[in-house]
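Visitor: Got a sequence here, can you model it:
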Amino acid sequence: MRVVPRPAAALSVLTLSLLGALALPAAPAAADEVRDRSWHLDALGLAELHKITQGEGVTVAVIDTGVDAAHPDLKDNVLPGVDLHDEKTKGRVDRQGHGTAMASLIAGHGHGPGNGDGVLGIAPKAKILPVTVQSARQGIIAPDAVAAGIDWAVDHGADIINVSLSSSSDDDLDRAVDRAYKKNVIVVASVGNRQDLVIGNPARHPGAIAVTGSDRKGGLGPESIAAEETDIAAPSVDLQRAAPGGKYSQATSVSGATAVVSGAVALIRAKYPNLSAFDTFKRLLETTKDAGTPGHDPDFGWGVLDLRQALTGEPDGRANSTNASPTATPDPLSVWQHQDPDEDWYSWLILGVLLLLIAVLVVVVLLFVRRRRRQRTPAAQPSGPPSAGPPATGPPSAGPAASGPRTPADDSIWRPPAR
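Guide: Numbering: from 1, shown residues only. Model prediction:
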């Protein structure tokens with residue numbers, strides 16, 4: 001496996017993909033309204049598919065802000081996990097809300113008569129393993145914390161790891177995703193929202209499923225970004241989610257689409273428990289509805305999630321026919337994410353622009369400082385009494401400020417430092 005370095009991604013910091021203007025919670029809805037507004041349930045055909053499987057026996061780790069284990073729609077579905085900041089909570093407390101939202105989209109079971117109210121997740125009988133990597137007021141999360149969370153989840157029984165986060169490149173994080181894949185644990189990661197500009201890790205890693213968002217009509221979601229590493233699109237618009245304290249919220253974000261795909265993978269693994277990670281990738285991605293440019297494209301990846309086909313159909317072989325060489329077998333990890341030599345031109349462009357701006361800023365600051373210094377230097381005073389004789393030959397001197405054209409040797413001219 002080869003991981004191509006991403007220079008622009010190294011300039012980014014880890015952010016929750018939810019934290020964009022499109023992802024701000026809407027006014028809370030009543031529990032009975034939440035189910036009625038959950039349009040993606042009908043779009044995916046879940047009423048019929050839940051007769052086949054509801055994710056029994058599958059554990060999904062949620063690498064996030066923790067999960068409110070007491071929420072009515074998640075009660076008894078949240079296992080004891082881990083909090084990297086406060087070990088006493090075991091990940092079952094969420095002071096920010098993002099982790100609870102993701103968990104409900106994956107494994108919410110609703111409540112009330114027949115569980116007909118509240119949030120119904122894609123895999124309502126799956127279990128959630130909460131892994132808290134962000135505290136309530138923490139704005140930046142170190143990538144190695146996410147790596148530690150992935151490692152912990154792999155070691156504590158996760159079958160799937162949902163990472164609705166976007167991070168910079170990091171050796172520990174790459175190693176953690178490699179390890180998960182080799183242990184047959186699938187990492188599902190968000191490519192990020194539009195304001196993130198470039199895709200981050202772990203979605204860049206070939207061993208993760210990279211998710212973007214789709215709208216109600218199967219088109220590209222308004223918050224989505226284009227990236228060659230994109231694998232699949234899933235509903236991301238106006239998703240109803242649980243919020244801490246028994247509340248609800250609505251948001252449009254790739255984070256939500258990532259949780260939907262994690263739920264879909266939970267259903268696949270429940271129905272086909274003996275599939276390897278590679279074959280699970282194959283079943284998920286080779287049963288999508290092709291969208292955008294035929295075949296794989298940066299907007300939709302292999303296409304939009306078709307959960308019915310993923311559970312009841314057969315993979316169509318499109319990835320192998322696109323990538324396989326007649327003389328060599330492709331690396332299973334690289335089958336899903338193209339490694340075009342020019343794929344990073346946008347990242348290099350961003351890096352170049354940033355470096356140019358920094359250089360211009362340095363020049364401006366140095367020029368400003370030198371000008372200020374010259375303005376503060378007093379004019380030279382004559383060393384003796386005024387001469388009473390005739391004026392010297394040539395035009396009268398106007399002082400230092402008007403001493404004629406500056407020569408290249410004039411120290412007041414700024415020069416770039418020697419390299």
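
Visitor: make it CA atoms for all contacts and neighbour counts henceforth
Guide: OK.

Visitor: how close does A147 get to D32?
Guide: In this structure, A147 and D32 are 38 Å apart, going by C-alpha to C-alpha, to the nearest Å.

Visitor: Please identify which of these two sits among more neighbours.
Guide: Neighbours of A147 and D32, each counted by other C-alpha atoms under 10 Å, are more numerous for A147; the result is 22 against 15.

Visitor: how near is that one to N201?
Guide: Applying C-alpha to C-alpha, the value for A147 to N201 is 11 Å.

Visitor: Mutual contacts of those two, please.
Guide: Residues touching both A147 and N201 by C-alpha atoms under 8 Å, 6 or more residues apart in numbering: L173.

Visitor: Mind jotting down where the strands sit in the stretch 51-200 of the chain?
Guide: For the stretch 51-200 of the chain, the strands defined by DSSP state E, counting those that start in this stretch cover 59-64, 82-83, 109-111, 117-120, 127-132, 160-163, 165-166, 186-190.

Visitor: Which strands and helices lie in contact with the fourth one?
Guide: Read it as strand 117-120. Packing contacts for strand 117-120, counted by 3 or more C-alpha pairs under 8 Å, 6 or more residues apart in numbering; DSSP states H and E, involve helix 31-37, helix 98-107, strand 109-111, strand 239-243.

Visitor: quick one, which of these is packed in tightest?
Guide: Mean neighbour counts were compared across these using mean count of other C-alpha atoms under 10 Å; the top stretch is helix 98-107, at a mean of 31.

Visitor: Compute the mean per-residue pLDDT across that one, please.
Guide: Averaging pLDDT along helix 98-107 gives 98.

Visitor: Contacts only, for the nearest residue to R283 once chain neighbours are set aside.
Guide: Excluding its sequence neighbours, the residue lying closest to R283 (C-alpha to C-alpha, 6 or more residues apart in numbering) is P315, at 5.2 Å. Residues in contact with P315 (C-alpha under 8 Å, 6+ apart) are 282-287.

Visitor: any idea how far A257 is from P315?
Guide: 22 Å.

Visitor: Low-confidence regions, this structure specifically.
Guide: The model of the chain has pLDDT under 70 over residues 1-31, 136-140, 195-197, 321-351, 376-419.

Visitor: one more time with 80
Guide: Within the chain, the ranges that satisfy pLDDT under 80 run 1-32, 135-141, 166-169, 193-198, 319-354, 369-419.

Visitor: Across the sheet, point out what pairs with the residue nearest in space to the middle of it.
Guide: Closest to where the C-alpha atoms of the chain average out (C-alpha atoms, centre = their mean) is S166, at 2.6 Å. Beta bridges link S166 to T15, judged by DSSP bridges.

Visitor: That one and V188 touch, don't they?
Guide: No - using C-alpha atoms under 8 Å as the test, S166 is too far from V188 to be in contact (11.6 Å).

Visitor: Overlap of the contact sets of those two?
Guide: Counting by C-alpha under 8 Å, 6+ apart, the shared contacts of S166 and V188 are A203.

Visitor: From P143, how far off is the residue nearest to the centre of the chain?
Guide: Counting by C-alpha to C-alpha, the gap between S166 and P143 amounts to 9 Å.

Visitor: same deal with N184?
Guide: In terms of C-alpha to C-alpha, N184 sits 22 Å off from P143.

Visitor: what's the answer for T89, then?
Guide: Using C-alpha to C-alpha, T89 is found at 22 Å from P143.

Visitor: Return the list of helices and strands in contact with the longest helix seen in the chain.
Guide: Counting residues, the longest helix found in the chain (DSSP state H) is helix 345-376. Counting contacts by 3+ C-alpha pairs under 8 Å, 6+ apart, helix 345-376 is packed against no other helix or strand.

Visitor: How far off centre is it?
Guide: Mean-position distance between helix 345-376 and its chain equals 30 Å (C-alpha atoms, centre = their mean, to the nearest Å).

Visitor: where along the stretch 251-400 of the chain do the helices fall?
Guide: Listed in chain order, the helices of the stretch 251-400 of the chain (DSSP state H, counting those that start in this stretch) span 254-271, 277-285, 307-312, 318-323, 345-376.

Visitor: Of these, which is nearest G192?
Guide: Nearest to G192, of all those, is helix 254-271, at 6.3 Å by C-alpha to C-alpha.

Visitor: Report the inter-axis angle for that closest one versus helix 277-285.
Guide: On the basis of axes from the mean of the first three to the mean of the last three C-alpha atoms, to 10 degrees, helix 254-271 is oriented at 120 degrees to helix 277-285.

Visitor: T89 and P143: which has the busier surroundings?
Guide: P143 (25 against 17).

Visitor: correct me, but that one touches R175?
Guide: No - contact criterion C-alpha under 8 Å: P143 and R175 do not qualify, at 11.6 Å.

Visitor: Report how many residues lie close to V365.
Guide: Counted with other C-alpha under 10 Å, residues neighbouring V365 total 11.

Visitor: now swap in E314 and tell me
Guide: By the measure other C-alpha under 10 Å, the count of residues near E314 is 13.

Visitor: and what of R308?
Guide: Applying other C-alpha under 10 Å, we find 16 residues neighbouring R308.

Visitor: do G301 as well
Guide: 28.

Visitor: who does it bridge with?
Guide: With DSSP bridges as the rule, G301 is bridged to D297.

Visitor: Any chance you could list what contacts stretch 86-98?
Guide: The contact list for stretch 86-98 (C-alpha under 8 Å, 6+ apart) reads 18, 64-69, 78-83, 100, 130-132, 135-137, 243-244.

Visitor: Restricted to buried residues, select those residues in ChimeraX.
Guide: This is how ChimeraX selects the buried members of these, with burial counted by 16 or more other C-alpha atoms under 10 Å:
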select :18,64,65,66,67,68,69,78,79,81,82,83,100,130,131,132,135,243,244
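
Visitor: Domain ranges for the protein, per the record?
Guide: Annotated domains of the chain cover 9-341, 344-375 [automatic domain parsing].

Visitor: Out of those, indicate the one that is most buried.
Guide: domain 9-341 (a mean of 22).

Visitor: Spit out the contact partners of the closest residue to D306 other than its chain neighbours.
Guide: In space, and not counting its chain neighbours, D306 is closest to T288: 5.0 Å by C-alpha to C-alpha, 6+ apart. Residues near T288 by C-alpha under 8 Å, 6+ apart: 232, 302-307, 309-310.

Visitor: got TSV for those residues, with distance to E48 too?
Guide: Listed next are the contacts of T288 as TSV, based on distance: C-alpha to C-alpha, whole Å:
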residue	distance to E48
I232	22
W302	24
G303	22
V304	19
L305	16
D306	13
L307	11
Q309	12
A310	14
